[in-house]
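Participant: pasting the structure only:
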C-alpha cells in the first residue's frame, strides 16, 4: 500500500516571543494491495451540514478513490476491482445505510456515491456498526475503514467503543475530517482512528481539498510498503531546533541548527505500521504574528511513494517589534593558497544610529510653600526656513517645598533624545558635525490651590 498517511502537527497554536513548541512528524505505510488484497469500506457523512459544495466535493473524492483502487488492483481502469480486493459504501445521517456490499463493480460503487443526498443529524455509532458488519470474518483480506465526517455526533450512542472493538478485530481505521463549519470533534477522530492517530487522521477546513485527500490516500494504498525512506526537514529561519527525541522507527540527525534528517530502512512492508518523530523548536526571531513553521520538507524512498506534509502555522506574540538597524552587508575576502599575509581595503563605513541628548534646566521663580507645580517642557527643531518641527514634550510634577516663604526652585536635567535622522539642517544624517537649532518652551502652574466653587472645595 505504500505511504497511506503523512502528517505534521504542533503541540500548540501560539507562543510568546522566544518561546518553544514541539513538532510531530508521522508516517503510516502498508503493503501492496495486489499481493495483499484489501477490503475497504468508505463511510461517508451525508448529514444536513454536508449540503452544497461539501457533498459535491466528497462525491468527487470518493469516486476518484474508487478509480485509483480499480487501476491499482489490475493495472487498468476496467470497471472491476481485481486481485481479491473489494470496496463497500456506507453512508450516514440520522442512521447509517449499507449502500453497497463489499463489491468489485466500479459502476455500482459510483452509483451509490452519486445517490447520496444531504439531510439529518450525525450518527457515527451506527456508521461504524454498519461498516464493521460488511466485513467477512472468515476472509484473510486486510480490512480498512475510511471514515469521512464534517461534524460532531448529534444522535445515537457513543461511537468510540464501537470503533475500538473494530480495531481490536484488526480493522484499520482512517478518519478524514472537514472542519470548515467549525463542528468537527478532532479529539473524537483521534480516538476512533488507528494508532498513532496523527498518522491516520487528516483534517481540512476546505471542502475543495477533499478530492486531493481521497486521491492521495488511494494512491498510497495502491503502492508497496516504503523502503529506504529519507525525510529532510528544515524549519523557518525564525526558529531553531533545540532537541530531537528518538523516533519510534529509524534514526535522526541534526544537519544544521534549523534542519534535520530522518531515515527509515523499512516501513509497512508486511502490515500497517506507523512511525513518529518529535522535536522541539525555539523562536529566535525576528518574525512575529502568524508564521509558517516549515521552510521546506522533502520525502524520498526507493519505491517512489508520493508524500506531502502539511505546512502548519503558529502565532508568535512579540508585541510590537522595532528593528532600527539592519544587519551589515558582508565584504567578501579571498586569500589564495600559499600566501602568508593579505592587505585588503574593505571600503568606507558610516556611523550608525547617531544622535544627541539635550539636557535642559529651568528655574521656577517664587514658588510658594506647600504647593506642587505642574511643569511642561516643549522642544522644537528649527530648519533653515525658520519652520519648527516637533521634537518632544515632557510633563513633570514638581514636589512642594516646605520653606517658610516663596523660593526659587530649579528643575535640572530634563532630557530629550534627538536622533540624527531627524536633523532638518540639510546636512548628512550620518554625521554629528551639523549645527542643529532648537526652541524650548515651558509652561508651569500650581496644582494645589484654595479655589472654592458653589461652597465646594475642589
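Facilitator: Done, it's in. The structure displayed is predicted, hence computed values, not measured ones. Residues are numbered from 1 along each chain as shown.
Participant: where in the stretch 351-458 of the chain is pLDDT low?
Facilitator: In the predicted model of the stretch 351-458 of the chain, residues 455-458 satisfy pLDDT under 70.
Participant: the stretch 101-250 of the chain: strands as residue ranges?
Facilitator: All strands of the stretch 101-250 of the chain, identified by DSSP state E, counting those that start in this stretch, fall at 142-149, 172-178, 201-204, 226-235, 239-244.
Participant: what does the last one contact?
Facilitator: To tie it back to what came earlier, the one meant is strand 239-244. The contact list for strand 239-244, computed with CB atoms under 8 Å, 6 or more residues apart in numbering, reads 20, 235, 252, 254, 257-260, 277-284, 293. For every residue, glycine as well, the C-beta is placed using N, CA and C.
Participant: make JSON lines from the strands of the stretch 101-250 of the chain and add mean neighbour count to it.
Facilitator: Listed next are the strands of the stretch 101-250 of the chain as JSON lines, based on neighbours: other CB atoms under 10 Å:
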{"stretch": "strand 142-149", "mean neighbour count": "25"}
{"stretch": "strand 172-178", "mean neighbour count": "25"}
{"stretch": "strand 201-204", "mean neighbour count": "20"}
{"stretch": "strand 226-235", "mean neighbour count": "20"}
{"stretch": "strand 239-244", "mean neighbour count": "17"}
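Participant: rewinding a little: can you say which of the contacts of strand 239-244 are buried?
Facilitator: In these, burial by neighbour count holds for 20, 235, 252, 258-260, 277-279, 281-283, 293, counting by 16 or more other CB atoms under 10 Å.
Participant: out of these, the closest to residue 151 would be?
Facilitator: residue 293 (28.5 Å; CB to CB).
Participant: okay, now the residue lying closest to that closest one once chain neighbours are set aside: neighbour count?
Facilitator: Nearest non-adjacent residue to residue 293, counting by CB to CB, 6 or more residues apart in numbering: residue 312, 5.4 Å away. By other CB atoms under 10 Å, the residues close to residue 312 number 14.
Participant: what's near enough to touch residue 312?
Facilitator: Residue 312 touches 8, 9, 10, 292, 293, 294, counting by CB under 8 Å, 6+ apart.
Participant: repeat for residue 228
Facilitator: 265, 301, 302.
Participant: please apply the same query to residue 412.
Facilitator: With contact set as CB under 8 Å, 6+ apart, residue 412 has these partners: 359, 361.
Participant: make it 6 Å
Facilitator: Residues near residue 412 by CB atoms under 6 Å, 6 or more residues apart in numbering: residue 361.
Participant: tell me how far it lies from residue 152.
Facilitator: Plainly put, residue 412 is 69 Å away from residue 152 if you go by CB to CB, to the nearest Å.
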